[in-house]
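[1] give me coordinates for this.
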Amino acid sequence: MPTELFTVHTPPDAWRRFREHFHPAVRAERIATADALGRVLAESVTAPGDLPEFQRSTVDGYAVNAADTYGASPGLPAFVTVVGEVPMGQAAALTIGVGEAALVHTGGMIPPGADAVVMIEHTQRVDAANIEVMQPVSPGQSVIQIGEDVRRGDVVLSAGRRLRAQDLGGLLALGVTTVHVAAPPRVGIVSTGDEVVPPDQPVQPGQVRDINSYTLAALATHAGATPVRYGIIPDNRQALAGAAARAHAECDLVIFSAGSSVSYRDMTAEVIAELGAPGVLVHGVSVKPGKPTILAVCAGKPVFGLPGNPVSAMVIFDLFITPTIAALLGETLTARPRVQARLARNIASDTGREDYVQVRLEEREGELWAVPVLGKSNLIYTLIHADGSLQVPLDSNGIRAGAWVTVTLF
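    I've put the predicted structure just below:
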């Protein structure tokens, strides 16, 4: 591969160049709301009705006209006549008049004429027909009003939202039993290298087990995509071109694992360029780990060449592929959880490069400390032993021990 292609770009510049040519289109499908956990809404949902649809009690007690309880106290209670009970799950079949009350239960309907509920603990039976109210209530007390949660026509969930368990509950409470969601993009994963063998095979000297196909597939699934693994492709141009063509034809996004570094055996950039225009847009990102990264758009589809080292591959996935999948889903990305911590030791950094350092978190005398988990980018257990990562900005020359840093949690 011609070495002149290897021109390093900052991460923001690399992303900008990529987005100039990447114009995602969201494919949508309608599915049952009950099956939509983790899916991304393709269109906003408006409330088909009010929620709740009737006035409901928030406590067990007596529905009353609040004015009948004014001034009530244990020493001078208000007397009201109980005219009936509102059964759960049924409409109220009675009306409350002056000086009257009805027994209601939590979630039950408030009968006409009542505007508040006295908790049963603040009442006392006098006889079969009457009670004493020993504490006053105000209008609306212990009552959920019609539409207090949601009004008919309100936008309850916006397009681009990834649905959570409570979202499903809210939709089903409104009777929304199906939703229009983004179809998961298919992510083709091509692992390359003569030295790479499947995880279930014993390794010979000079060989390594395939890690990236599975970690990248898991990351793609977590991001909302459907991974498609194309196996381990040997360092053979014809084999690589064939796998690339199949993945590009069958998938919405293609990832090549390994084969992105500058060497005489590197064919990835050339093969990617043959998949369609404009081809390779970035080959080299000023980030550690992950410098020899390829970003491309081929015939409208995003294509990435990731370093073979697992830490590098996962860092680059987070930087570029996660937001690309989000764009294909039409998802509005939310910030990942972050914490502030003190840095436990100095971190050096070269000028002109962003460093991503894996850290574990420790609590020391009431303060949170970020302890770097050091190791080369081909050591997967540096990620396993870490709780998150911190970014060393461009041209910062590192961060001193004791400084406060922001840790993005895994």
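
[2] which residues in the stretch 201-350 of the chain form strands?
    208-209, 226-233, 253-257, 278-283, 287-288, 294-298, 301-306, 338-343 (DSSP state E, counting those that start in this stretch).

[3] who wins for proximity to residue 171 among those strands?
    In terms of C-beta to C-beta, the element of the strands of the stretch 201-350 of the chain nearest to residue 171 is strand 226-233, at 23.5 Å. Yep, even glycine has a C-beta here, placed from its N, CA and C like the rest.

[4] contacts for stretch 87-97, please.
    Stretch 87-97 is contacted from outside by 54, 63-65, 83-84, 86, 102, 105, 107-114, using C-beta atoms under 8 Å, 6 or more residues apart in numbering.

[5] ok, residue 7 - how many residues close by?
    Residue 7 has 9 neighbours, counted by other C-beta atoms under 10 Å.

[6] most distant residue from the middle of the chain?
    Distance from the centre of the chain peaks at residue 127, with 57.4 Å (C-alpha atoms, centre = their mean).

[7] how far away is that residue from residue 82?
    10 Å (C-beta to C-beta, to the nearest Å).

[8] what does residue 178 give?
    Taking C-beta to C-beta as the measure, residue 178 falls 44 Å from residue 82.

[9] and what of residue 59?
    Relative to residue 82, residue 59 is positioned 16 Å away (C-beta to C-beta).

[10] confidence-wise, which helix or strand of the protein is lowest on average?
    Here the helix or strand of the chain ranked lowest by mean pLDDT, DSSP states H and E is helix 381-384, holding a mean of 82.

[11] next SSE downstream of it?
    Scanning forward in sequence from helix 381-384 by DSSP states H and E, the next helix or strand is strand 388-392.

[12] burial of the residue nearest to residue 151 when sequence neighbours are not counted, as a residue count?
    The spatial neighbour of residue 151 that comes closest, neighbours along the chain excluded (C-beta to C-beta, 6 or more residues apart in numbering), is residue 50 at 6.0 Å. As a burial measure, residue 50 scores 18 neighbours (other C-beta under 10 Å).

[13] which phi and psi does residue 50 have?
    The phi/psi pair for residue 50 (degrees, to the nearest 10) reads phi -80, psi 150.

[14] the strand or helix carrying residue 103 pairs with which strands?
    Secondary structure assigned from DSSP H and E places residue 103 in strand 100-104. Strand 100-104 has the following strand partners under DSSP bridges: strand 61-64 (antiparallel), strand 78-85 (parallel).

[15] report all helices and strands that whatever helix or strand comes next after it contacts.
    For strand 100-104, the following helix or strand on the C-terminal side (DSSP H and E) is strand 116-119. Packed against strand 116-119 by the contact rule (3 or more C-beta pairs under 8 Å, 6 or more residues apart in numbering; DSSP states H and E) you find strand 61-64.

[16] contacting residues around the strand it packs on?
    Contacting residues not belonging to strand 61-64 are listed as 57, 80, 82, 86, 96, 100-104, 110-111, 114-120, 122-123, 131, 133, 137, 142 [C-beta under 8 Å, 6+ apart].

[17] try 7 Å this time
    57, 80, 82, 96, 101-104, 110-111, 114, 116-120, 123, 131, 137, 142 (C-beta atoms under 7 Å, 6 or more residues apart in numbering).

[18] next: stretch 139-148.
    Stretch 139-148 has contacts (C-beta under 7 Å, 6+ apart) with 50-59, 61, 66, 110, 115-117, 119.

[19] and that stretch, how far out from the chain middle?
    Relative to the centre of its chain, stretch 139-148 is centred 34 Å away, using C-alpha atoms, centre = their mean, to the nearest Å.

[20] same deal with stretch 78-94?
    Centre-to-centre, stretch 78-94 and its host chain are 46 Å apart (C-alpha atoms, centre = their mean).
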